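Asker: Have a look at this prediction, sequence included:
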Amino acid sequence: MLRPVALLLLPLLPLYALAQNVGINANGAAPAASAMLDIDVTALPANAKQGLLVPRIALTATNVAAPVVGPAASLLVYNTNTAGAGLTAVSPGYYYWGGAQWVRFAQDGVAWQLLGNAGTVAATNFLGTTDNVALRLRTNNLERFEISTGTGGAAGTGGRLWAFQDGTAALPIYSWSANNNTGIFRPLASTLGFSTNAVERFRIPNANQVHAMADGTAALPFYSWGANTNLGMYRIGANILGLSTTGLERMRIQANGQVSVNNAAPPAGYQFHVAASAGLPTAIYGVAAGDWDGVHGQAGGPNGFGLWGRNLNVNGTAVVGAGNNLVSFYMPAGSGGAFTGFTTSTYHFYTTGGVGQAALMQDAFGAQWNVGLWNPGYWKILGTGLVGTVVKDLEDRSVALICPEAPDALFQDHGMGQLVNGRARISFDPIYSKNILVDSEHPIKVFVQLEGECNGVYVTNKSAQGFEVVELMNGASNAPFAWSVVAQRANETLSGPNGTREVDYRGRWQPAPKYETPVNVEATRGALGGQRE
């Protein structure tokens with residue numbers, strides 16, 4: 001049955017109906033067998049050709065069938081309206097009913113063309129989806145990439161780019177057309193690899209690390225700079241780290257924690273080893289401003305040293321120090337230590353409550369000198385040999401004088417006196433009296449040398465304050481005399497930061513401290529003293 005549309009065409013073109021199909025044309029040709037309706041205008045004049053005009057209606061949204069009632073699937077209309085919003089919006093153009101909604105026909109300016117597009121606007125034109133469906137890219141019908149859907153959320157999955165292949169170092173999944181062997185790939189689960197020239201260079205594993213995939217060398221350290229390719233860090237061997245500048249190894253950190261500077265491998269037993277080099281004659285130079293320390297050494301055991309110096313030259317000095325902003329002085333023949341100061345060259349302080357001394361000196365023949373010894377009782381200097389001083393002889397040469405010594409602690413004094421009618425009273429200096437002990441066990445000893453004629457004298461009324469000289473036979477001369485006195489040194493009390501000490505000087509033939517046996521460092525630690533045996 002002919003619809004109104006077909007009837008309108010009848011006055012214009014001949015109508016041919018054959019069985020179940022209809023043909024409309026100007027040349028009387030039969031309709032194509034496969035077409036229910038075959039319209040052909042090729043035989044019409046150029047200025048009289050006509051087309052097919054489909055129904056024009058105003059749609060309101062793609063998901064609303066009205067104004068068509070019960071549209072059949074594939075029903076074609078031309079929409080004249082602009083309405084709706086978002087994914088259901090409609091604009092003028094051809095639509096067909098897909099069974100659940102109106103579907104717009106692709107047209108120039110809307111569809112992406114295989115040969116490219118022109119006149120696009122970045123803010124409105126895009127390649128992708130407008131619904132919650134991911135965009136997947138394929139080549140050779142194999143899945144290559146996917147741009148995930150979602151808006152992020154707690155899992156953060158929205159809009160990510162997923163690769164479906166891992167790639168290799170030679171053919172990384174993310175690479176460049178000019179360098180398809182340079183890029184990023186996935187060598188293992190949760191692992192990221194970076195390659196150049198088909199060789200893996202870096203790897204980020206499933207840990208808070210970055211792995212270098214080659215060792216490098218001092219000349220070409222693995223971690224370096226574009227402006228200084230021979231400056232950086234590299235791996236010398238298993239668990240050995242090297243640092244280089246100008247292509248030369250400068251520092252090495254061993255597997256056991258040893259560190260060496262300017263030396264390929266540190267000597268055994270040294271945690272930190274620095275070697276001086278040509279043009280850099282000082283191995284370590286410590287500088288501090290204000291109240292800081294240039295070098296601070298600390299040890300924790302009885303056989304350890306906070307600071308240890310050793311000079312391997314037969315005329316060398318092990319340790320040199322200068323204070324008060326002075327230059328250093330040392331002996332040309334060498335010494336264990338050489339120290340220079342303005343008011344004090346060296347300072348010694350000890351805190352023990354038992355036997356101890358401020359300084360202990362020994363030689364290789366069993367002699368020992370204790371300075372500032374408490375044994376108990378204080379000794380200024382106690383040791384082998386003599387106590388003396390130096391004076392000049394008649395030819396201005398230095399000669400030695402030897403001090404007298406006694407088995408007990410004595411204080412001496414002397415002076416001049418004179419008999420007056422055969423008697424004289426000598427009073428000691430109050431400072432001398434304060435520092436001597438005079439009692440029945442420690443009597444004072446007085447010696448008188450007459451320097452004039454008299455019957456002789458004797459001494460009486462001795463005390464810590466003085467004594468009397470009396471002429472014999474009730475003489476009444478006025479002879480002068482010289483006197484000297486020897487008395488026991490009095491005890492004393494000393495107070496300091498560690499408390500109070502009572503010092504007793506009354507002993508005779510007090511025992512000397514035993515010889516302290518020294519320890520040979522090289523014998524216990526090795527040739528250079530660093531390796532403990």
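Answerer: Structure's in. What do you need? This one's a predicted model, so the numbers in the text were calculated from it and none came from an experiment.
Asker: Where does pLDDT dip in this protein?
Answerer: For the chain, the stretches with pLDDT under 70 are 1-19, 107-110, 150-158, 525-533.
Asker: isn't there a strand covering Ser244?
Answerer: Yes. Counting by DSSP: H, G, I helix; E, B strand; the rest coil, Ser244 is found in a strand.
Asker: how many neighbours does the closest residue to it other than its chain neighbours have?
Answerer: Excluding its sequence neighbours, the residue lying closest to Ser244 (C-beta to C-beta, 6 or more residues apart in numbering) is Ala218, at 4.0 Å. For every residue, glycine as well, the C-beta is placed using N, CA and C. Ala218 has 19 neighbouring residues, counting by other C-beta atoms under 10 Å.
Asker: Could you pull up the residues touching Ala218?
Answerer: Ala218 makes contact with 230, 234, 242, 244, 247-249, according to C-beta atoms under 8 Å, 6 or more residues apart in numbering.
Asker: 10 Å - rerun?
Answerer: Contact analysis of Ala218 by C-beta atoms under 10 Å, 6 or more residues apart in numbering lists 230, 232, 234, 236, 242-250, 264.
Asker: If any of the residues you listed are buried, give me the PyMOL selection for them.
Answerer: The buried subset of the contacts of Ala218, as determined by 16 or more other C-beta atoms under 10 Å, is captured in PyMOL by this line:
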select buried, resi 230+232+234+236+242+243+244+249+250
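Asker: Among the contacts of Ala218, which one sits closest to His211?
Answerer: Tyr234 (14.0 Å; C-beta to C-beta).
Asker: So what sits opposite the closest one in the bridge?
Answerer: Gly242 (DSSP bridges).
Asker: hang on, isn't it packed against Ala212?
Answerer: Yes. Taking contacts as C-beta atoms under 10 Å, Tyr234 lies within contact range of Ala212: 8.6 Å.
Asker: residue boundaries of the strands in the stretch 401-533 of the chain?
Answerer: Using DSSP state E, counting those that start in this stretch, the strands found in the stretch 401-533 of the chain span residues 410-418, 423-427, 436-437, 445-450, 457-460, 466-471, 480-489, 492-496, 499-503.
Asker: Reformat those as JSON lines; add mean neighbour count and distance to Ala278.
Answerer: Formatted as JSON lines, the strands of the stretch 401-533 of the chain follow (neighbours: other C-beta atoms under 10 Å; distance: least, C-beta to C-beta, whole Å):
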{"stretch": "strand 410-418", "mean neighbour count": "14", "distance to Ala278": "62"}
{"stretch": "strand 423-427", "mean neighbour count": "15", "distance to Ala278": "75"}
{"stretch": "strand 436-437", "mean neighbour count": "18", "distance to Ala278": "67"}
{"stretch": "strand 445-450", "mean neighbour count": "15", "distance to Ala278": "71"}
{"stretch": "strand 457-460", "mean neighbour count": "15", "distance to Ala278": "79"}
{"stretch": "strand 466-471", "mean neighbour count": "19", "distance to Ala278": "75"}
{"stretch": "strand 480-489", "mean neighbour count": "18", "distance to Ala278": "61"}
{"stretch": "strand 492-496", "mean neighbour count": "10", "distance to Ala278": "51"}
{"stretch": "strand 499-503", "mean neighbour count": "11", "distance to Ala278": "55"}
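Asker: Can you say which of these is nearest to Ala333?
Answerer: strand 492-496 (38.1 Å).
Asker: for that closest one, packing partners?
Answerer: Using 3 or more C-beta pairs under 10 Å, 6 or more residues apart in numbering; DSSP states H and E, the elements in contact with strand 492-496 are strand 499-503.
Asker: Who are the packing partners of the strand it packs on?
Answerer: Here strand 499-503 touches strand 492-496, going by 3+ C-beta pairs under 10 Å, 6+ apart.
Asker: mind listing what the strand it packs on pairs with, with the direction of each?
Answerer: Counting by DSSP bridges, strand 492-496 is paired with strand 499-503 (antiparallel).
Asker: Check the offset of the partner strand from the chain's centre.
Answerer: Average the C-alpha atoms of strand 499-503, do the same for its chain, and the two points are 48 Å apart (C-alpha atoms, centre = their mean, to the nearest Å).
Asker: who's in contact with that strand?
Answerer: Counting by C-beta under 10 Å, 6+ apart, 353, 374, 376-378, 489-495 sit against strand 499-503.
Asker: Tell me the buried residues in stretch 68-81?
Answerer: Within stretch 68-81, judged by 16+ other C-beta under 10 Å, the buried ones are 71, 75, 77, 79.
Asker: Could you tell me the end-to-end distance of it?
Answerer: 14 Å (C-alpha to C-alpha, to the nearest Å).
Asker: Repeat that for stretch 45-62.
Answerer: 40 Å.
Asker: just the strands in the stretch 251-400 of the chain please.
Answerer: Using DSSP E, counting those that start in this stretch, the strands of the stretch 251-400 of the chain run over 259-261, 272-274, 317-322, 335-340, 359-362, 368-374, 378-383, 388-392, 398-402.
Asker: Tell me the helices and strands packed up against the fifth one.
Answerer: With contacts defined as 3+ C-beta pairs under 10 Å, 6+ apart, the packing partners of strand 359-362 are strand 368-374, strand 378-383.
Asker: if you set the cut-off to 6 Å instead, what comes out?
Answerer: Packing partners of strand 359-362 (3 or more C-beta pairs under 6 Å, 6 or more residues apart in numbering; DSSP states H and E): strand 368-374.
Asker: Can you give me the buried ones in the strand it packs on?
Answerer: Judged by neighbour count (16+ other C-beta under 10 Å), strand 368-374 contains these buried residues: 368-370, 372-374.
Asker: Ile253 versus the closest residue to Trp225 other than its chain neighbours, what's the distance?
Answerer: Excluding the flanking residues, the one nearest Trp225 by C-beta to C-beta, 6+ apart is Leu231, at 6.1 Å. Separation of Leu231 from Ile253 (C-beta to C-beta, to the nearest Å) stands at 17 Å.
Asker: now Asn520
Answerer: Asn520 sits 31 Å away from Ile253, going by C-beta to C-beta.
Asker: more crowded one of the two?
Answerer: Between Asn520 and Ile253, counted using other C-beta under 10 Å, Ile253 has the larger neighbour count: 16 against 8.
Asker: I figured the more buried one was touching Ala265, is that so?
Answerer: No. Counting by C-beta atoms under 6 Å, Ile253 stays clear of Ala265, with 11.2 Å between them.
Asker: Name the SS class of the residue nearest to Ala83 when sequence neighbours are not counted, please.
Answerer: Ranked by C-beta to C-beta, 6+ apart and with sequence neighbours excluded, the top spatial neighbour of Ala83 is Thr60, at 4.9 Å. Under three-state DSSP, the three-state class of Thr60 is coil.
Asker: just the helices in the stretch 1-150 of the chain please.
Answerer: Using DSSP state H, counting those that start in this stretch, the helices of the stretch 1-150 of the chain run over residues 4-9.
Asker: Can you give me every residue that contacts the nearest residue to Thr149 once chain neighbours are set aside?
Answerer: Once flanking residues are discounted, Thr149 sits nearest to Ala134: 4.5 Å by C-beta to C-beta, 6+ apart. Contacts here follow C-beta atoms under 6 Å, 6 or more residues apart in numbering; on that basis Ala134 touches 146, 148-149.
Asker: Only the buried members of these: can you turn that into a ChimeraX selection?
Answerer: In ChimeraX syntax, the buried subset of these is picked out as below (16+ other C-beta under 10 Å):
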select :146,149
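Asker: any idea which of the contacts of Ala134 is the one closest to Trp102?
Answerer: Thr149 (23.8 Å).
Asker: you'd agree the closest one is up against Leu135?
Answerer: No. The criterion here is C-beta under 6 Å, and Thr149 misses it with Leu135 at 8.1 Å.
Asker: Dump the strands of the stretch 401-533 of the chain to CSV, plus distance to Gln357.
Answerer: Output for the strands of the stretch 401-533 of the chain, formatted as CSV (distance: least, C-beta to C-beta, whole Å):
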stretch, distance to Gln357
strand 410-418, 22
strand 423-427, 38
strand 436-437, 25
strand 445-450, 31
strand 457-460, 40
strand 466-471, 37
strand 480-489, 20
strand 492-496, 15
strand 499-503, 14
